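Undergrad: Coordinates for the following, if possible.
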Amino acid sequence: MEYLKRNQSVLEKLVMHISSTSIADVLMRLVGADEQIMIYHPDAVYWLAETSLLEEIISCLAPGQSAQVYANATDVLCAIARTAPSPLSQQLNEAHNVSKLIGYAIDGEEKATGDCLTVLATMLGPKRMVVIGMGGMMGSMDMMDEDSVAEVPRATIKAVCSRFSDLVALLAVKDKSKVVSTTYGILQPPLGIVRLRAVQFFSALLYSGEVDALEAAMKHKLVDKCLALMFRYPFNNTLHHEVEAILCFALDGGESYALQILDRKGCDLIGTLVTASETVTPEPRPGDYNGRCKQPLRAGYMGHITRIANKLLSVTEQYDSILDLLAKDDRWQSWMEGTLRPRNDVENVGSWQCGRPGGMDTGFDSGTFPPDLGLMTGMGSGLPDRYEHVIDEEDEEDEGEEKALVQDDLDGDEDQQPVGAAGPLDPTDTDEDAAAILASLDLHSTAAALAARVSASAAVDGSPAPLLASRASATSTRAPEATPTSEEHEPDAYNAHDYWKMELGGCDVPEDV
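TA: Have a look, this model is predicted:
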């Protein structure tokens, strides 16, 4: 870092080679996107703000550059915009830099328009805040909570609103001759990356909650145009998500904005929701089904229509004028009773009967689980506690069944044992009892078979009998004794005799065995 500070001409050469991904990665680390720089060199971004580095990176979005230069410069600028507070991010939000980015988006090359809009949307969106931890160590955290929205500089909002009409014009179709063949049919023209980035930019702009932005959006009928795009492209869920966000931000902006959206002479949101087609008949591709049209499909925006309608219902809890307006609208009342309410009942997972006994309540009784656990796990808010009682009862039933099975086995063993049969040896049995037990066992045939097997094994590999080896190791610590000859002792018979003596708890085995 000290070398770069003394030789600032190196920065210019790095920007000249920003088309290389590795050089772009170095620049991203320099501008503070890397936490290691913020921890060990916290003053690095301060002296970089005094150089011309930021202006040179912005100039990479000017016309005449390659697509790779546009992409890498966008990544570096977005990394700067996400870091706050930062001298470079503050410099990026200055009016002249914002106006330059807007100019490149509107008047520049079409392949750079989407990249410029991405940078502008990042500048308006959540920031990565640098925090100071224990011991002076620095780290970062994402400010994604709605209650901790970073304040957007007024200069940025003012620069955007000054060219709002030109930005809204980006939503219009420039080339209607383009055709894209998809799995469900033909798109002519396709949505395109420029219009999608424009919608995302307006969503980030209204996310800031600035009054000037809301006023400009209402003036240029932004909501109407975004809704038209949603119905024009019924299976682009990314687009639907952004349009829903724009509507929700506009409804949360205040009572006057909500009334403008509901006005029949204006946006007429109620009419749009009521008349939205639930099915879509796509234009078939050449050769599909021998020229026949495909079957109608359920529109992909229907889930977002339901969410927008529920958002409108939540707004009525805040403003009585909105409640009165909906109560007097026959279209809304009929659609709510015939479509919205049944749909909400179907999507209410707390009322589903599958996978649980019917008639169980949906509330929290024991308070074991937090209220939002169901939202985090994808389950209904009442499901965890509801299943807790069922699981406890099932565990008790399983435990009772296991005890019954064990008792049945014991009873069965007692029933199958004949009267007078010998039981297992017990240390408390007398010699007479042990003799009776041994007499009842068929030791002669078993011992003879074992002796034959041991003898055969020793004859094949010449290895000593295992029991004899273990006996030798056990008696190695005692005084040496005379080794018995083969005439005095037969190893195989001795091993079998000793084996059964050990197995029978030390009891003597008949000599003839």
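
Undergrad: can you give me the helices in the stretch 151-300 of the chain?
TA: Under the criterion DSSP state H, counting those that start in this stretch, the stretch 151-300 of the chain contains helices at 154-162, 164-168, 192-207, 211-219, 222-232, 237-252, 255-262, 269-274.

Undergrad: what sits against the residue lying closest to His17 once chain neighbours are set aside?
TA: With sequence-adjacent residues excluded and distances taken as Cβ to Cβ, 6 or more residues apart in numbering, His17 is closest to Ile23, at 4.7 Å. Quick note: C-beta positions are derived from backbone N, CA and C, even for glycine. Taking Cβ atoms under 8 Å, 6 or more residues apart in numbering as the definition of contact, the neighbours of Ile23 are 14, 17, 72.

Undergrad: Mind putting the residues you listed into CSV with pLDDT?
TA: Converted to CSV, the contacts of Ile23 look like this (pLDDT from 0 to 100):
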residue, pLDDT
Leu14, 91
His17, 93
Asn72, 94
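
Undergrad: mind showing which ranges of the stretch 101-250 of the chain have poor pLDDT?
TA: Across the stretch 101-250 of the chain, residues meeting the criterion (pLDDT under 70) sit at 127-151.

Undergrad: ugh, wrong one, I meant the chain
TA: 33-45, 84, 127-151, 288-294, 353-513.

Undergrad: Give me the packing partners of the helix or strand where Ile80 lies, helices and strands only.
TA: Here Ile80 is covered by helix 67-82, with elements defined by DSSP states H and E. Helices and strands touching helix 67-82, as assessed by 3 or more Cβ pairs under 8 Å, 6 or more residues apart in numbering; DSSP states H and E, comprise helix 21-30, helix 53-59, helix 87-92, helix 110-124.

Undergrad: out of these, deepest packed?
TA: Mean neighbour count, computed with mean count of other Cβ atoms under 10 Å, is highest for helix 110-124 among the helices and strands packed on helix 67-82, reaching a mean of 23.

Undergrad: the inter-axis angle of that helix versus helix 192-207?
TA: For helix 110-124 against helix 192-207, the angle by axes from the mean of the first three to the mean of the last three Cα atoms, to 10 degrees is 20 degrees.

Undergrad: Which elements pack onto helix 110-124?
TA: With 3+ Cβ pairs under 8 Å, 6+ apart as the test, helix 110-124 has helix 67-82, helix 95-107, helix 154-162, helix 192-207 packed against it.

Undergrad: Using TSV, lay out these together with distance to Ala250 and mean neighbour count.
TA: Formatted as TSV, the entries for the helices and strands packed on helix 110-124 read as follows, by distance: least, Cβ to Cβ, whole Å; neighbours: other Cβ atoms under 10 Å:
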stretch	distance to Ala250	mean neighbour count
helix 67-82	24	22
helix 95-107	22	18
helix 154-162	15	18
helix 192-207	6	23
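
Undergrad: wait, which of these is closest to Pro296?
TA: Set against Pro296 and scored by Cβ to Cβ, the helices and strands packed on helix 110-124 come closest in helix 192-207, at 25.5 Å.

Undergrad: Next, the angle from the closest one to helix 154-162.
TA: Computed by the same axes, to 10 degrees, the angle between helix 192-207 and helix 154-162 is 130 degrees.

Undergrad: and of the helices and strands packed on helix 110-124, who's closest to Leu53?
TA: Comparison of the helices and strands packed on helix 110-124 against Leu53 by Cβ to Cβ identifies helix 67-82 as nearest, at 9.6 Å.

Undergrad: Kindly export the closest one (C-alpha atoms) in CSV.
TA: Output for helix 67-82, consisting of C-alpha atoms alone and laid out as CSV, is shown next (Å, rounded to 0.1, in the frame of the first residue of the first chain):
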residue,chain,number,x,y,z
ALA,A,67,-18.4,-5.7,-22.9
GLN,A,68,-15.7,-7.1,-20.5
VAL,A,69,-14.6,-3.6,-19.6
TYR,A,70,-18.2,-2.6,-18.8
ALA,A,71,-18.7,-5.7,-16.7
ASN,A,72,-15.5,-5.4,-14.6
ALA,A,73,-15.9,-1.6,-14.1
THR,A,74,-19.5,-2.3,-12.9
ASP,A,75,-18.2,-4.8,-10.4
VAL,A,76,-15.7,-2.4,-9.0
LEU,A,77,-18.2,0.5,-8.8
CYS,A,78,-20.8,-1.8,-7.1
ALA,A,79,-18.1,-2.8,-4.5
ILE,A,80,-17.5,0.8,-3.7
ALA,A,81,-21.2,1.6,-3.5
ARG,A,82,-21.9,-1.3,-1.1
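
Undergrad: if we can go back for a sec, could you dump the helices of the stretch 151-300 of the chain to TSV with distance to Leu77?
TA: What follows is the helices of the stretch 151-300 of the chain, written out as TSV (distance: least, Cβ to Cβ, whole Å):
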stretch	distance to Leu77
helix 154-162	14
helix 164-168	18
helix 192-207	14
helix 211-219	21
helix 222-232	25
helix 237-252	21
helix 255-262	31
helix 269-274	36
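
Undergrad: Indicate which one of these is closest to Tyr319.
TA: helix 255-262 (4.7 Å).

Undergrad: how deep is Asp324 tucked in, by neighbour count?
TA: Residues contacting Asp324 under the criterion other Cβ atoms under 10 Å number 11.
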